[in-house]
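Peer 1: Everything below, folded, please.
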Amino acid sequence: MSAEGFEMIHIINRSNRKRYSRQLAQMHKLRHEIFVKRKGWTKLSSAIGMEIDRFDTKLATYYVKLDQEGNVLASIRSVPSKGFTMLSTLYKDICTVEAPPASEDNWELSRYFVSERKFVGDFGHPVKYELFVALIEHSLSNGIRELSGFMETFFMQRAAQLGWKIELLSGIHDYGEGEGVAMNLRIDEEMLAETRRRLSLHHKVIAGPQEMPQPTVGVTFEAEEVRALAHMLQNQPDSNGDLLNLIQSLGSSDAEEVRQAEGVLDRWIAHEELKAFGSKKTTALHGILSTVRH
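Peer 2: Below is the predicted model:
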């Protein structure tokens, strides 16, 4: 895939996620860096330095902006509202409507982030705007007509600047580390065209099949399995100390520490010492270890 193909919004879902194992792992690491370390959402802290919650299932779709090298710059998650969502569980009690959205043509948004404010796309647009346009365009093409979610207040301000008509489903709610509001947004082709016009954003933003990366042989990143493994490590740190230290060392900013950890990992793999964790945990472990070292 060309560098030009990378610098677009890539839509990652259950049909193509094996092509994006490295990016998915990086996205979860960035979420931990931004939400836990920068924003102080300490309840999301993870022993492996990846933020993965119970809504990161095989049903989730991720809109991800990449740079020329295929590294993650920004992302937002979307899940079907007709099922297990934040509004139907975590924020159900704050909604002022009788019931939160739950229909085939409504999907819930969450975990929006831009890794650095300075990042702009090829055409000089902030990546957040390309992300918004790709989200609306792809949603409409798949029969989605509403986007809901519990969003931080700054997102609402940006939506208002774009002329989006937001339906509030709650008052402003203080969740401990900030403020947000439950909302619902109707989308259509006219709204998409007006958004592009306001942003002077007329180029293609969504990567096509020919612009996807090739699958990385032997690497699989399944968020649910990795989350289960992280839970095990966090709750049994004494019995899994060596493994936990290895994962943390592979993600270190110290090049020498990473080099030594890679040597340990290679010896473990060569001696098949990972088999003791069982098939599912081993799959998750390979997913963590193979992606964290990139």
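Peer 1: hey, where'd the strands end up in this protein?
Peer 2: 9-12, 61-66, 72-80, 106-114, 146-152, 166-168, 173-174, 179-186 (DSSP state E).
Peer 1: Quick check: the gap between residue 245 and residue 108.
Peer 2: 37 Å (C-beta to C-beta, to the nearest Å). C-beta here means a position set from N, CA and C on the backbone, and glycine is covered the same way.
Peer 1: Sorry, wrong one. I was asking about residue 56.
Peer 2: 13 Å.
Peer 1: When those two are compared, which one has more neighbours?
Peer 2: residue 108 (27 against 24; other C-beta atoms under 10 Å).
Peer 1: Count the neighbours of residue 41 for me.
Peer 2: With other C-beta under 10 Å as criterion, residue 41 counts 18.
Peer 1: And for it, nearest residue in space, chain neighbours not counted?
Peer 2: Once flanking residues are discounted, residue 41 sits nearest to residue 35: 4.6 Å by C-beta to C-beta, 6 or more residues apart in numbering.
Peer 1: how near is residue 64 to residue 102?
Peer 2: Counting by C-beta to C-beta - residue 64 and residue 102 are separated by 26 Å.
Peer 1: Could you check which of these two has the larger neighbour count?
Peer 2: residue 64 (23 against 15).
Peer 1: Who is the more buried one paired with across the strands?
Peer 2: Beta-bridge partners for residue 64, by DSSP bridges, are residue 10, residue 75.
Peer 1: I'd say it and residue 27 touch.
Peer 2: Yes: assessed by C-beta atoms under 8 Å, residue 64 is found in contact with residue 27 at 6.2 Å.
Peer 1: any residues in contact with both of the two?
Peer 2: 72, 75 (C-beta atoms under 8 Å, 6 or more residues apart in numbering).
Peer 1: For the stretch 1-150 of the chain, just list every one of the helices.
Peer 2: Ranges of helices in the stretch 1-150 of the chain, per DSSP state H, counting those that start in this stretch, are 3-6, 21-31, 127-141.
Peer 1: Tell me which of these is the most buried.
Peer 2: helix 21-31 (a mean of 24; mean count of other C-beta atoms under 10 Å).
Peer 1: what's that one packed up against?
Peer 2: strand 9-12, strand 61-66, strand 72-80, strand 106-114, helix 223-235, helix 279-292 (3 or more C-beta pairs under 8 Å, 6 or more residues apart in numbering; DSSP states H and E).
Peer 1: in this structure, which ranges drop under the pLDDT threshold?
Peer 2: Counting by pLDDT under 70, the chain contains low-confidence ranges at 1-6, 117-125, 210, 214-220, 229, 232-241, 243-244, 247-248, 250-252, 265-294.
Peer 1: one more time with 80, if that's ok
Peer 2: 1-7, 47-48, 116-125, 209-254, 258-259, 261-294 (pLDDT under 80).
Peer 1: domains in it, as residue ranges please.
Peer 2: The record assigns the chain these domain ranges, following automatic domain parsing: 3-207, 223-292.
Peer 1: Neighbours of residue 178, how many?
Peer 2: 13.
Peer 1: Would you agree it is in contact with residue 155?
Peer 2: No: counting by C-beta under 8 Å, residue 178 stays clear of residue 155, with 11.0 Å between them.
Peer 1: Quote the end-to-end distance of stretch 108-127.
Peer 2: One end of stretch 108-127 to the other measures 21 Å (C-alpha to C-alpha, to the nearest Å).
Peer 1: no wait, stretch 61-80
Peer 2: Span of stretch 61-80 from end to end, C-alpha to C-alpha: 9 Å.
Peer 1: roughly how far is that stretch from the heart of the chain?
Peer 2: Distance of stretch 61-80 from its chain centroid, counting by C-alpha atoms, centre = their mean, to the nearest Å, is 7 Å.
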